[in-house]
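1. structure for the following, please:
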Amino acid sequence: MSLPRIELALLPTPLVRATRLERALDAGPIFIKRDDLTGFGIAGNKARALEFLIGAAVDEGADTFVAAGSPSSNFCAAAAMAARVVGMDCELLFPGAPLSAPAPNVELARAAGAHLLFGAVETRDQLDDAVLEHASLLRARGRRPYAVPRGGATATGGLGYALAARELAEQCQAADVSARTVVLATGSGGTQAGLVAGTVGFGQRWRVVGASVSRPAQPMAERVLRLARACAASMGLDEPCGDQVDVRDCRGPGFGLTSDEDRVSSHLALAHEGLLLDDYYGAKAMSLFRAMLTAGAETPAVFWHTGGVAAALAVLMGGSS
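-> All right, here's what the predicted structure looks like:
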């Protein structure tokens, strides 16, 4: 089945053996899937989702891409850049008042020409409804909006990661590796949903485990399953069942707030493999990865690095992310 797609990412991203991290953790084999290197700005994992979201928007004749997120949102910055390259306007909604200090992802979105709307709602949890309301307002003004929830977490947005599962399978086959555990950060759920859809649909044996960074595990797992089933159905793949969705609660002290273990995780990744992990997603996922290896998770194990470079650099510089 042919699905509208605009190529943005440089694929496949590398799958690399993390031998120094193996020694540090006394575990392995460990591999890193480097989706921090998708090559579209510093979009990270969002480049894969946006290939299909922007593709769908263009296919529908939209003239404005409407999205939302926190000021740290990698998706918002990436959406602004993706809309620009296809000649589409982009309107981004953020909760609360404008920040007192520059935030890298906000400034990237601004530089790409997005219209930034602060104060649309008070909290992140209200953003998805606000996006739909804003799209309705634009439609009443004669515009043709394409609206997406936080993180682009839709069945369409998940298509990129369903195909990424096949990409990983091909890389493992070429390297004569039989991956057994795949760990990644889960925020809005679209990345894990697509990966689960592709893992099941393409008959792979590894277990995908999501580190939920902002929501309780059970409702997050239910959301991932819904999205994964819708994504699989759109591709004509077998749909996953509930026991194929594994989400762990990794919020710790809160979204974007690091625990002592998260700080250890960031340091280990940087010191041993030169990886930048942000406080919102990457560090929490690495903490789960470490804990699972300590508890005897099946290996070879893959840590899926989803990006977050701008937020990681902001923390290192002592500024706002």
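
2. check contacts around the residue nearest to residue 22 when sequence neighbours are not counted.
-> Spatial nearest neighbour of residue 22, chain neighbours left out: residue 28 (3.5 Å); criterion: C-beta to C-beta, 6 or more residues apart in numbering. To be clear about C-beta, it is placed using only N, CA and C from the backbone, and glycine gets the same treatment. Going by C-beta atoms under 8 Å, 6 or more residues apart in numbering, residue 28 touches 18, 19, 22, 299, 300, 301.

3. all helices for the stretch 101-250 of the chain, in order.
-> In the stretch 101-250 of the chain, the helices defined using DSSP state H, counting those that start in this stretch lie at 104-111, 127-140, 159-174, 190-201, 217-235.

4. just the ones you listed: most buried one?
-> helix 190-201 (a mean of 30; mean count of other C-beta atoms under 10 Å).

5. packing partners of that one?
-> Helix 190-201 sits against helix 46-59, helix 159-174, strand 181-186, strand 207-212, helix 217-235, with contacts defined as 3 or more C-beta pairs under 8 Å, 6 or more residues apart in numbering; DSSP states H and E.

6. can I get those in JSON lines including mean pLDDT and distance to residue 9?
-> Formatted as JSON lines, the helices and strands packed on helix 190-201 follow (pLDDT from 0 to 100; distance: least, C-beta to C-beta, whole Å):
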{"stretch": "helix 46-59", "mean pLDDT": "98", "distance to residue 9": "4"}
{"stretch": "helix 159-174", "mean pLDDT": "98", "distance to residue 9": "8"}
{"stretch": "strand 181-186", "mean pLDDT": "98", "distance to residue 9": "16"}
{"stretch": "strand 207-212", "mean pLDDT": "98", "distance to residue 9": "20"}
{"stretch": "helix 217-235", "mean pLDDT": "98", "distance to residue 9": "18"}
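
7. nearest to residue 92, of the ones you listed?
-> Residue 92 sits nearest to helix 46-59 of all the helices and strands packed on helix 190-201, at 13.2 Å, using C-beta to C-beta.

8. which positions in that closest one come out as buried?
-> 46-58 (16 or more other C-beta atoms under 10 Å).

9. can you count the residues close to the residue nearest to residue 60 when sequence neighbours are not counted?
-> Leaving out its chain neighbours, the residue that sits closest to residue 60 by C-beta to C-beta, 6+ apart is residue 146, at 6.2 Å. Look at residue 146: counted by other C-beta atoms under 10 Å, it has 21 neighbours.

10. same question, residue 318
-> 6.

11. could you give the secondary structure assignment for it?
-> Of the three states, residue 318 takes coil under DSSP: H, G, I helix; E, B strand; the rest coil.

12. again with residue 276
-> Applying three-state DSSP: residue 276 is coil.

13. hang on, isn't the residue nearest to residue 60 packed against residue 55?
-> No - assessed by C-beta atoms under 8 Å, residue 146 is found out of contact with residue 55, at 10.4 Å.

14. what residues are bridge-paired with the residue nearest to residue 60?
-> residue 65 (DSSP bridges).
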